[in-house]
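Participant: Need a 3D model of the sequence below.
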Amino acid sequence: MNHVVWNQKVLKELRSFPEEVKDQLGFLIYRLQLGENVGMPQSRSMSSLGMGCHELRVKDKSGIFRVFYYLKIKDKVLIFHAFQKKTEKTSAKDLEQGKKNLKEMLNEKV
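Facilitator: I've put the predicted structure just below:
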């Protein structure tokens, strides 16, 4: 089973998400831990963030939520950014924050 490594800011953000969204994300992350290939519509590649980067996609009555994750480290799933999506296109701010968080985690040699 893959080990999940969390960016601590992401955990704080996730705690503010609605319960239904947290449940859906928890199930999807569990599938990633099991090594399953989670595809569309729940997950898609985010090559704009880098090779091995993906986003989990969850929607409920309160909005659209995204979690960025990275799969290029053996036996690990890095969860490096989470946010509620406000526009159709992912904002440049969220993309930049995601890149920054991933770089910090990779530099920590997780």
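Participant: C-alpha only now, for contacts and for neighbours.
Facilitator: OK.
Participant: I'd like the average pLDDT over the top strand by length along the chain.
Facilitator: Longest strand in the chain by number of residues (criterion: DSSP state E): strand 76-85. Strand 76-85 carries an average pLDDT of 96.
Participant: How far away from the center of its chain is it?
Facilitator: 3 Å (C-alpha atoms, centre = their mean, to the nearest Å).
Participant: Direction included, what does it pair against?
Facilitator: Using DSSP bridges, strand 76-85 pairs in its sheet with strand 3-6 (parallel), strand 63-70 (antiparallel).
Participant: Would you mind getting the angle between the helix or strand following the shortest one and strand 63-70?
Facilitator: Right, strand 3-6. Next helix or strand after strand 3-6 toward the C-terminus (DSSP states H and E): helix 8-15. Interaxial angle, helix 8-15 versus strand 63-70 (axes from the mean of the first three to the mean of the last three C-alpha atoms, to 10 degrees): 150 degrees.
Participant: need the next SSE after helix 8-15, C-terminal direction.
Facilitator: helix 19-33.
Participant: Report the mean per-residue pLDDT for that next one.
Facilitator: Mean predicted confidence for helix 19-33 is 96.
Participant: Can we start the residue count at 16 from this point?
Facilitator: Fine by me, first position is 16 from now on; the one you just mentioned is helix 34-48.
Participant: Using PDB, write out the CA atom coordinates for that helix.
Facilitator: The C-alpha trace of helix 34-48 is given here as PDB (Å, rounded to 0.1, in the frame of the first residue of the first chain):
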ATOM      1  CA  GLU A  34     -18.300  16.600   4.900                       C
ATOM      2  CA  GLU A  35     -19.600  15.100   1.700                       C
ATOM      3  CA  VAL A  36     -16.500  16.400  -0.200                       C
ATOM      4  CA  LYS A  37     -14.100  15.100   2.500                       C
ATOM      5  CA  ASP A  38     -15.800  11.700   2.300                       C
ATOM      6  CA  GLN A  39     -15.400  11.600  -1.500                       C
ATOM      7  CA  LEU A  40     -11.800  12.800  -1.400                       C
ATOM      8  CA  GLY A  41     -10.900  10.300   1.300                       C
ATOM      9  CA  PHE A  42     -12.300   7.400  -0.800                       C
ATOM     10  CA  LEU A  43     -10.300   8.600  -3.900                       C
ATOM     11  CA  ILE A  44      -7.100   9.000  -1.900                       C
ATOM     12  CA  TYR A  45      -7.600   5.500  -0.400                       C
ATOM     13  CA  ARG A  46      -7.900   4.200  -4.000                       C
ATOM     14  CA  LEU A  47      -4.600   5.900  -4.800                       C
ATOM     15  CA  GLN A  48      -3.000   4.300  -1.800                       C
END
